[in-house]
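Engineer: here is my input; please provide its structure:
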Amino acid sequence: DMYYGYALSINPAQAYAATYASMMQEQLSKQIKRIEIESQKDDYERGYDALLKGDIEKAIRCWEKESLQGVSQASKALGDLYHFRLKKLDKAVHFYHKALDAGDYESGALAIAAKLHLGDLSENELQSVDPKVQIEPWFKYVEASLASTPIARLEDYSDEELDNLLTGLHDAVDYGVPFAAHLM
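Structural biologist: Residues are numbered from 1 along each chain as shown. You can find the predicted model right below:
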């Protein structure tokens, strides 16, 4: 500060120029830091950033690039976006299956839930589902949903089957499956 006051009294233009240059240098340093941070992100992270900013189209573009590379989290993120936000359930099923193919069993259960919401799921389909998918909370929700339809007759279930359905439904509620709480 003392130097600035001295410089200002000797050559005011040079003192202001030095202050301006210092301020510009600081802003430039901040911008470079932001660019460095952004360049370290992958398209999966950029997709979430875009979604948080409300840019759904950019999120889809970023996640589709990652999904094509076999990134299961990107496929699942697309499935969730199409299932819960955009309500395009056929696309949700497609991306959930891509994530399942990459080993994400929760996505397999979510694909079945999306099919249920589409009205495109039969109880027979559930029999052939991978056992690792069957233990997922979303799958438990689907089982309980099918058992509680007007067509299903609860008296056709044994006490043990009803207990298993109720336990599975509790698991789904505890996990945070929004529709499961409604079924309770």
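Engineer: tell me how far residue 43 lies from residue 92.
Structural biologist: 20 Å (CB to CB, to the nearest Å). In short, each C-beta sits where N, CA and C put it, glycine included.
Engineer: of those two, who's got more company?
Structural biologist: residue 92 (27 against 19; other CB atoms under 10 Å).
Engineer: past the helix or strand where the more buried one lies, which element shows up next along the chain?
Structural biologist: According to DSSP states H and E, residue 92 maps onto helix 89-101. Where DSSP H and E defines the elements, the next helix or strand beyond helix 89-101 is helix 105-118.
Engineer: dump the residue contacts of the residue most central in space within the chain.
Structural biologist: Per CA atoms, centre = their mean, the C-alpha nearest to the average position across the chain is that of residue 77, at 3.8 Å. By CB atoms under 8 Å, 6 or more residues apart in numbering, residue 77 lies in contact with 44, 47, 48, 59, 63.
Engineer: lowest-confidence entry in these?
Structural biologist: Lowest pLDDT among the contacts of residue 77: residue 44, with 88.
Engineer: so how far is residue 138 from that residue?
Structural biologist: According to CB to CB, residue 44 and residue 138 sit 22 Å apart.
Engineer: okay, and for this structure, where does confidence drop off?
Structural biologist: 1-16, 32, 34-41, 149-155, 184 (pLDDT under 70).
Engineer: now do the helices in the chain.
Structural biologist: For the chain, helices defined by DSSP state H occupy the ranges 2-10, 12-39, 43-52, 56-68, 72-80, 89-101, 105-118, 123-127, 131-134, 137-147, 159-175, 178-183.
Engineer: next one: the last one to chain centre, how far?
Structural biologist: Here the centre of helix 178-183 is set off from its chain's centre by 20 Å, with CA atoms, centre = their mean, to the nearest Å.
Engineer: what do you get for the shortest one?
Structural biologist: Here the centre of helix 131-134 is set off from its chain's centre by 21 Å, with CA atoms, centre = their mean.
Engineer: go through it and flag the buried ones.
Structural biologist: 133, 134 (16 or more other CB atoms under 10 Å).
Engineer: what helices or strands is it leaning on?
Structural biologist: Helix 131-134 sits against helix 105-118, with contacts defined as 3 or more CB pairs under 8 Å, 6 or more residues apart in numbering; DSSP states H and E.
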